[in-house]
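Peer 1: Generate a structure from the sequence data that follows.
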Amino acid sequence: MHPDHPDHQQLPAPRPVRRTIDPASAERRVGRHRAPEPARRAPTRSVPGRIAVATGVTCCLGLIGVAGVGETGRPHVEVREALADRAATEQRASRDFTRAVPPVAAPVPPAPSASPSPTPTRKKAPKKVVRPKHPRPVAGLDQRQMDNAKAIVDVGREMRLPRRALVVAVATAMQESDLYNLASDVLPESFDHPHQGSGSDHDSIGLFQQRPSSGWGTVAEIMRPAYAARAFFTALAEVPGWEEMSVTAAAQAVQVSAFPDAYAKHEQRAATVVAALV
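Peer 2: Next up, the predicted model:
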């Protein structure tokens with residue numbers, strides 16, 4: 001037989017067929033049967049059909065691009081980078097020493113804190129009026145007479161007597177001694193004590209010409225103006241109804257003078273002196 005006869009030609013050994021298992025096709029197998037493959041459409045061969053296919057493909061690609069942008073967030077990343085660059089630029093500009101100094105804000109005062117209640121201050125007692133030791137003379141008196149009148153008024157106020165008693169006492173001393181503390185020529189002992197002149201009417205001494213022999217006190221006591229004034233006020237207070245009496249009647253009830261009407265002429269001056277001393 002001819003070697004080229006078909007019977008003498010050796011056929012090549014059959015190669016094993018390798019099938020690639022498509023995951024999609026594997027998933028389409030259900031049970032013992034294969035899932036039917038979807039029918040394939042024949043490609044459109046007309047020109048209008050190709051245009052329509054190309055347009056659809058373009059739209060799909062655009063949608064895929066938009067979806068990809070939304071998924072990856074690239075535009076957001078770019079926006080953030082741009083903002084970061086801008087912030088860095090502005091920050092560098094704010095550190096530039098050539099920029100104008102911003103106005104200094106006024107300091108805000110701190111909020112008032114709850115302070116403890118203030119300690120109550122003690123009210124100062126009104127100062128006691130201190131009258132001068134030597135008051136200014138009034139009503140034609142000299143300084144010695146005014147000082148003696150003050151001694152009489154001070155005792156009367158200490159005894160809490162009304163002003164009328166003070167006027168009666170000062171008027172009496174004006175009549176009896178002209179408001180001088182007198183010794184007596186009859187009592188040489190009276191000159192041993194401070195005095196401002198002398199008299200000769202028996203043993204009468206001092207501002208009110210009181211007599212030791214009549215029980216008004218010792219010579220030393222009567223020669224002190226304060227004692228003499230206290231003795232006079234004590235005797236006046238024992239006269240019933242002296243407050244309603246005239247100055248002359250009240251003075252005469254104490255002094256028992258030989259000239260009872262002589263005291264009235266001193267009432268006005270005595271009132272002026274008392275008003276200056278009270």
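
Peer 1: where exactly do the helices run in the stretch 101-250 of the chain?
Peer 2: Here the stretch 101-250 of the chain has its helices, by DSSP state H, counting those that start in this stretch, at 143-158, 163-177, 219-222, 225-237, 247-255.

Peer 1: Now do stretch 220-228, average pLDDT.
Peer 2: Mean pLDDT, computed over stretch 220-228, is 97.

Peer 1: Now do that stretch: distance from first to last residue.
Peer 2: End-to-end distance of stretch 220-228 (Cα to Cα, to the nearest Å): 10 Å.

Peer 1: So what touches that stretch?
Peer 2: The contact list for stretch 220-228 (Cβ atoms under 8 Å, 6 or more residues apart in numbering) reads 148, 151-152, 154-155, 181, 183, 190, 193-195, 205-208, 210, 212, 216-217, 231. In short, each C-beta sits where N, CA and C put it, glycine included.

Peer 1: Ok, stretch 174-190 next?
Peer 2: Counting contacts by Cβ under 8 Å, 6+ apart, the residues outside stretch 174-190 that touch it are 141, 144-145, 148-149, 170, 173, 191, 193-209, 212, 219, 223, 225, 251, 255, 257, 262-263, 266, 269-270.

Peer 1: Stretch 141-153 too?
Peer 2: With Cβ under 8 Å, 6+ apart as the test, stretch 141-153 has contacts from 131, 134-138, 166, 169-170, 173, 178-181, 196, 207, 225-226, 229, 273-274, 277-278.

Peer 1: Mind listing what's buried along it?
Peer 2: For stretch 141-153, the neighbour count (16 or more other Cβ atoms under 10 Å) marks Leu141, Gln145, Met146, Asp147, Asn148, Ala149, Lys150, Ala151, Ile152, Val153 as buried.

Peer 1: which of those residues lies closest to Glu238?
Peer 2: Of all the buried residues of stretch 141-153, Glu238 sits closest to Ile152, with 18.0 Å by Cβ to Cβ.

Peer 1: What pLDDT is listed against the closest one?
Peer 2: 98.

Peer 1: The helix or strand where Ala275 lies vs helix 247-255, what angle?
Peer 2: Assigned by DSSP states H and E, Ala275 belongs to helix 267-277. Counting by axes from the mean of the first three to the mean of the last three Cα atoms, to 10 degrees, helix 267-277 lies at 80 degrees to helix 247-255.

Peer 1: just checking, what packs against helix 267-277?
Peer 2: Secondary-structure packing of helix 267-277 (3 or more Cβ pairs under 8 Å, 6 or more residues apart in numbering; DSSP states H and E): helix 143-158, helix 163-177, helix 247-255.

Peer 1: Include distance to Glu238 when you put those into JSON lines, please.
Peer 2: Listed next are the helices and strands packed on helix 267-277 as JSON lines, based on distance: least, Cβ to Cβ, whole Å:
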{"stretch": "helix 143-158", "distance to Glu238": "15"}
{"stretch": "helix 163-177", "distance to Glu238": "12"}
{"stretch": "helix 247-255", "distance to Glu238": "9"}
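
Peer 1: and those helices, which is most packed in?
Peer 2: helix 163-177 (a mean of 24; mean count of other Cβ atoms under 10 Å).

Peer 1: tell me the average confidence for that helix?
Peer 2: For helix 163-177, mean pLDDT rounds to 97.

Peer 1: ok, now stretch 181-201?
Peer 2: In this model, stretch 181-201 has an average pLDDT of 95.

Peer 1: Output the helix holding Ala275 as PDB - backbone C-alpha positions only.
Peer 2: Only the C-alpha atoms of helix 267-277 are listed here, as PDB (Å, rounded to 0.1, in the frame of the first residue of the first chain):
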ATOM      1  CA  GLU A 267     -32.700 139.500 136.300                       C
ATOM      2  CA  GLN A 268     -32.200 140.500 132.600                       C
ATOM      3  CA  ARG A 269     -28.400 140.400 132.800                       C
ATOM      4  CA  ALA A 270     -28.500 137.200 134.700                       C
ATOM      5  CA  ALA A 271     -30.600 135.600 132.000                       C
ATOM      6  CA  THR A 272     -28.100 136.700 129.300                       C
ATOM      7  CA  VAL A 273     -25.200 135.200 131.200                       C
ATOM      8  CA  VAL A 274     -27.000 131.900 131.800                       C
ATOM      9  CA  ALA A 275     -28.000 131.700 128.100                       C
ATOM     10  CA  ALA A 276     -24.300 132.100 127.200                       C
ATOM     11  CA  LEU A 277     -23.200 129.300 129.600                       C
END
